[in-house]
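A.B. asks: Sequence first, then the predicted structure:
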Amino acid sequence: MVYDLGEALPSKDKDLGCASGTTDPYTMTTEHAELYKKLIRDLTETVPTNDKAIETAQCRMLMAASSDDLSARHVAYRGLWGTKSIKKSDEDVIAQLSTDIIKPLETILRNATNPVSIVFYNAMTGAYYHFMAEYLTDHNKLQNTKYQDQALSAFMTAKESATSSGMSINDPFYLELHISLAKLYYLMKMYRSARLTNWWAYDATGECNDQQDEEGRKLSVAIKERMRKLNNRWTDNVVMGLTY
């Protein structure tokens, strides 16, 4: 079953779901639409606190939800991208769906004081700008560059906060930030910076003996496995002459 994005968008933007002249609008599954709407509600209701335990639990929950949302977006968009030329109306929908996530994140960040919150919500903001920079390229190259700059700015703000607060390099938020930053560098064709950023974060964890709770340990192990696979794939690309 396919879900029309016109139903997932806020009421004032429902006409973007299937704009005039678009016969096969960007669509999502029913499950993804429900996930998207729940993510919007959760972000809108989020109030940052100074309690590290509460913030960590809240951010971990949102990290899982946003990861599922972005993964589903990639699948839906790649399917659309592979079957036809992207219409401007499709890009409008995709941009709207991303900015609907970014706006409540900006509100949260204006009130955030805990380093966990500052690192995570900036990294999440960067991830949605990265998504737009990766896919919304057909009709406005200048806007694409702007999305890249906004993603990089958000990631760097998160990195500065992680460093200044002494966040453990084994922390899942720290690792997720660095794999996201590495992927952005790769998108920007800064291949060497991408490989070094990803490899350094992955390698440094072996030197760190910081203790984590069981959930944090499992999250970190899963992210490090993704880093390892990314290292291997990017190294293979260099060997095959696809990148430098």
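C.D. replies: Structure received. Numbering: from 1, shown residues only.

A.B. asks: now stretch 172-184, how far from the centre of its chain.
C.D. replies: For stretch 172-184, the separation from the chain centroid amounts to 9 Å (computed by Cα atoms, centre = their mean, to the nearest Å).

A.B. asks: now stretch 120-138
C.D. replies: 6 Å.

A.B. asks: Would you mark the buried spots in it?
C.D. replies: For stretch 120-138, a neighbour-count test (16 or more other Cβ atoms under 10 Å) marks 120-136 as buried. Heads up, the C-betas are built off the backbone N, CA and C, glycines and all.

A.B. asks: can you check stretch 63-70 too?
C.D. replies: Met63, Ala65, Ser66, Asp69, Leu70.

A.B. asks: Nearest the middle, which residue of the protein would you pick?
C.D. replies: The centre of the chain sits closest to Ala127, judged by Cα atoms, centre = their mean, with a distance of 2.5 Å.

A.B. asks: who does the lengthiest helix in the chain touch, helix- and strand-wise?
C.D. replies: When the chain is parsed with DSSP state H, its longest helix is helix 52-81. Contact here means 3 or more Cβ pairs under 8 Å, 6 or more residues apart in numbering; DSSP states H and E; on that basis helix 52-81 packs against strand 27-29, helix 30-45, helix 88-111, helix 115-135, helix 172-187, helix 214-239.

A.B. asks: what do you get if the cut-off is 6 Å, keeping everything else the same?
C.D. replies: Contacts defined by 3 or more Cβ pairs under 6 Å, 6 or more residues apart in numbering; DSSP states H and E place helix 52-81 against helix 30-45, helix 115-135.

A.B. asks: Check the ones you listed for me: which has the lowest mean pLDDT.
C.D. replies: By mean pLDDT, the lowest-scoring of these turns out to be helix 30-45, with a mean of 91.

A.B. asks: ok now that helix, how far from the chain's centre?
C.D. replies: The answer for helix 30-45 is 15 Å, by Cα atoms, centre = their mean.

A.B. asks: buried residues in it?
C.D. replies: His32, Ala33, Leu35, Tyr36, Leu39, Ile40, Leu43.

A.B. asks: go on, stretch 158-176?
C.D. replies: 158-159, 161-162, 167-176.

A.B. asks: Show me the contact partners of that stretch.
C.D. replies: Stretch 158-176 is contacted by residues 115, 118-120, 122-123, 177, 204-205, 208, 210, 216, 219-220, 223 when judged by Cβ atoms under 6 Å, 6 or more residues apart in numbering.

A.B. asks: for stretch 127-140, same thing?
C.D. replies: Stretch 127-140 has contacts (Cβ under 6 Å, 6+ apart) with 77, 86, 88, 91, 95, 98, 101-102, 144, 147-148, 150-151, 180, 184, 187.

A.B. asks: What subset of the residues you listed is buried?
C.D. replies: Looks like those have 77, 86, 91, 95, 98, 101-102, 144, 147-148, 150-151, 180, 184 buried, using 16+ other Cβ under 10 Å.

A.B. asks: hmm, back to that, mind giving me the PyMOL command for buried ones among the contacts of stretch 158-176?
C.D. replies: Per 16+ other Cβ under 10 Å, the buried members of the contacts of stretch 158-176 correspond to this PyMOL selection:
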select buried, resi 115+118+119+120+122+123+177+205+216+219+220+223
